[in-house]
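Q: For reference, the sequence and a predicted model appear below.
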Amino acid sequence: MIKKKISMLGSFAVGKTSLVQRFVRSIFSEKYHTTIGVKIDQKIIQINHEEVNLLLWDIHGEDEFQKVKPAYVMGSSGLFIVMDGTRRKTLDIGLELLEMAQKVAGDIPFVVLMNKSDLKESWEITGEEIQELKDKGMEVWLTSAKEDTNVEEAFTSLAKKTLTE
Amino acid sequence: MPAQKPDNSMDDLSKKLALQGQLEEVRKLLTGYDRKELEHLNKLLKDKEAFSEELSHLLPVAFKKLVDSGGVTLEALQPMVEEVLKESIRKNPKTLSDILFPVMMPAIRKAVAEDIKRMLDVVNQTLEHSFSPKRIGWRFQAVFSGKSYGEIVLSHAYVYQVKQVFLIHKETGLLLTQAGNEETTDADLVSSMLTAIKDFVQDSFHSTDDSLDTIQVGKLNIWIEQGPKAIIAAIVEGNISQNYRILLKENLEGIHIDYSYELDHFKGDTARFQKDENLLEECIQKEKKPEKRRKPIAAILLILILMGALGYWIYGLIDQRIRFDRFVQKLKEVPGLVVTHTDKQQGHWVVEGLRDPLAKIPASLFAQNKFKPGEIRLKLQPYISLDPIFILKRAHQKLNPTENQHFSYRNDTLFISGETPEEWMKSSKNKALQMAGITQVIFLNAPVTASKPDLAIEKYTFTFGFNSDTIPLSEQTHFKHIVAQTRSVLDFNFHNDSVPVIVVLSHTSKEGNKAGNKIIAQRRADKFIDLMVSWGLPPEVLIPKVTVKSDSALTQPVRTVSFKIEYAKSIRHD
């Protein structure tokens, strides 16, 4: 069986843990628990008739008090850069984290998850900004862990990328 | 034109120069901007130093491309590299030692530090418990079991079980393979989490020497051994020797050597590692604590009690048997009693036999042998004992003699001495002859004055030892004189109606055990008579007589036999 380490990166409270929970356990909780350190989950999925065991490293969100430890990202086969559409600042932090991760883990595949699509009316990140990311060659998914929008698709997409690249 | 001939050579030269200049111009026009490059290349080729430097930048890249394309394999290069290294070391070992110094010294330091740490751990463990009650107990155990103290300590200290061993890819934290009896479904998560913890520790404490060696989780210890590309994590329960870490190190080193390429190019496919079932098998170790065999104290006590009871019972039986045998033996010694059969019936001892009505069983016989009277049943049939004592007793009962009359018995003959009136003699004779065991009655009437030869025999006295009926050897020397004198007495018959008889007097005291004294005195007299008969003297003239008197009344010392000549009027039963 192929195993892949996938790191979830993003600012605090963007929904990394919720996305993992939705993907792994198909559950969602309104309660917010900040992640301390790192939580690891796994899910085995089928890609082209081949089983892939995704080890999902749900790394604590970065803020001004807590920086992501580069060691956690080392050895990752793929990255999720998670942003909160309702908070503009999470885009910048996400891009900074992407830069850091690429320095540590090299040029590995990644997918940007623009989360909380269920709250689109409150979004601060504009469509143009999203388009800008796409124009830079980034794969961007508008997701909602709450409403289970594009979660499965995004994870499957990244998994495929890790196998091909 | 001909006038100009002398200047031809000059012209030619000028032309050549002009042509060369033109050619140079053409060359410049043709090579253009590349000309400088060509000049540089030309110069580079000629300057070996510069050319080598230029090549040094290209060679590594070219070599890598060659290896990547498969044009040359590492295996093919290996002998060459080894030869080069050997030659280099041979020529100048210092160079290599200088190169290796920065690498080797930290490695050596780390190895030494590891060994010292391990030694200190052992010493600490030993010291911690050296004087504890447990350790003192172990010392006693060593003394009693005959084992060395070290063996006892080890048997208690190193009881462990390595439950699982994980081989983890260091960079990704992915589980490469695992071994152990307990398959963990979340082994991948465990591996990743261990890596995360390791990363956290290293990052948080800025540690560079892979310092996270052990994690304790409740009763479990996770031993972590890190290599450059892989990590071994062993889940250990119990106390394991520090030597186990060496085993982990050796295994990890082996894996790094055997799987160097796979570890370098790991892309998440663990099949290659999982194929090798023996990869981590050596790391799975366990030492079972010997089951405490509880001593069956209750059972031992019960057996001891039962054995004690059995022993006591057997002892009781033996003791009772011994006492009974002693009782029977004593009973057999009682005059007038004959024991014919003994048995045990329904828990009671039974003695069967015969008893003369005159025989008396001493009452103390039961108590002396610790029997209650009811414990032994005596089934004794009456009979008439022909023991001389009982014959005499019966004679006394039937004939009712006076104080001056004396009865003695020998060889079916009742001897009656003393004053015997004629009438009494007649009636007594008839009564006596009706009694069992008496076929003849001899009355010894008043003595006749004896002649000299008679007196000679009477002066002899034989002394016996205490409680003995054996004639002393020293006394036997006189015996032939006695026999000779007795014959002369018997030949000297001066009364036709009377016969001389030799009364063998056995003297004893009535002090102490009167009955016993009497019996032994009788035996002494009988022995003497038997001896005299064996010398050819007629038994009918030899009469035993026991004199029992108080010590002060005795005319002769006690335990002596003397002789007296009497003349008897014989009355025979026909």
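A: Alright, I've got the coordinates. Remember, predicted model here, so these are calculated numbers, not experimental data. Numbers count the residues shown, from 1 in each chain, chains lettered A, B, ... in the order given.

Q: Now name the helix or strand holding residue B:216.
A: In the assignment (DSSP states H and E), residue B:216 maps to strand B:214-217.

Q: Keeping just the C-alphas, turn that strand into CSV.
A: These are the backbone C-alpha positions of strand B:214-217, laid out as CSV (Å, rounded to 0.1, in the frame of the first residue of the first chain):
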residue,chain,number,x,y,z
THR,B,214,12.5,7.1,25.5
ILE,B,215,8.8,8.0,25.9
GLN,B,216,7.0,6.5,28.9
VAL,B,217,3.3,5.9,28.5
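
Q: Give me the buried stretch members for that strand, please.
A: The neighbour-count check on strand B:214-217 (16 or more other C-beta atoms under 10 Å in any protein chain shown) flags residue B:215 as buried. (Glycine included, C-beta is placed from N, CA and C.)

Q: Which strands and helices lie in contact with that strand?
A: strand B:220-226 (3 or more C-beta pairs under 8 Å, 6 or more residues apart in numbering or on different chains; DSSP states H and E).

Q: how about the next helix or strand after the strand it packs on: buried residues?
A: Once the chain leaves strand B:220-226, the next helix or strand it forms, by DSSP H and E, is strand B:230-238. Burial within strand B:230-238, assessed by neighbour count using 16+ other C-beta under 10 Å, is assigned to B:230-236, B:238.

Q: Surely residue B:227 touches residue B:254?
A: No - counting by C-beta atoms under 8 Å, residue B:254 is not a contact partner of residue B:227; they are 10.2 Å apart.

Q: Which one of those two is surrounded by more residues?
A: residue B:227 (17 against 12; other C-beta atoms under 10 Å in any protein chain shown).

Q: quick one: contacts for the residue nearest to that one when sequence neighbours are not counted?
A: Among residues not flanking residue B:227 along the chain, residue B:252 sits closest, at 4.6 Å (C-beta to C-beta, 6 or more residues apart in numbering or on different chains). With contacts defined as C-beta atoms under 8 Å, 6 or more residues apart in numbering or on different chains, residue B:252 is in contact with B:225-227, B:230-232.

Q: if I look at residue B:252, how far off is chain A?
A: 18 Å (C-beta to the nearest C-beta, to the nearest Å).

Q: so how far is the helix or strand hosting that residue off the chain centroid?
A: For residue B:252, the enclosing helix or strand under DSSP H and E is helix B:243-258. Helix B:243-258 has its C-alpha centroid displaced from the chain centroid by 46 Å (C-alpha atoms, centre = their mean, to the nearest Å).

Q: taking the mean pLDDT, what do you get for stretch A:84-95?
A: Throughout stretch A:84-95, pLDDT has a mean value of 94.

Q: For that stretch, which residues meet the burial criterion?
A: Result for stretch A:84-95 [16+ other C-beta under 10 Å]: buried residues A:84-87, A:90-91, A:93-95.

Q: Now, those residues that are in strands?
A: residue A:84 (DSSP state E).

Q: Could you find which two of the buried residues of stretch A:84-95 are furthest from each other?
A: A:86 and A:95 (17.2 Å; C-beta to C-beta).

Q: Turn the buried residues of stretch A:84-95 into TSV, including distance to residue B:380.
A: Output for those, formatted as TSV (distance: C-beta to C-beta, whole Å):
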residue	distance to residue B:380
A:84	126
A:85	130
A:86	129
A:87	128
A:90	127
A:91	132
A:93	127
A:94	127
A:95	131
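
Q: Using CSV, please lay out the buried residues of stretch A:84-95 together with distance to chain B.
A: As requested, those are exported to CSV (distance: C-beta to the nearest C-beta, whole Å):
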residue, distance to chain B
A:84, 24
A:85, 29
A:86, 29
A:87, 27
A:90, 24
A:91, 26
A:93, 20
A:94, 21
A:95, 23
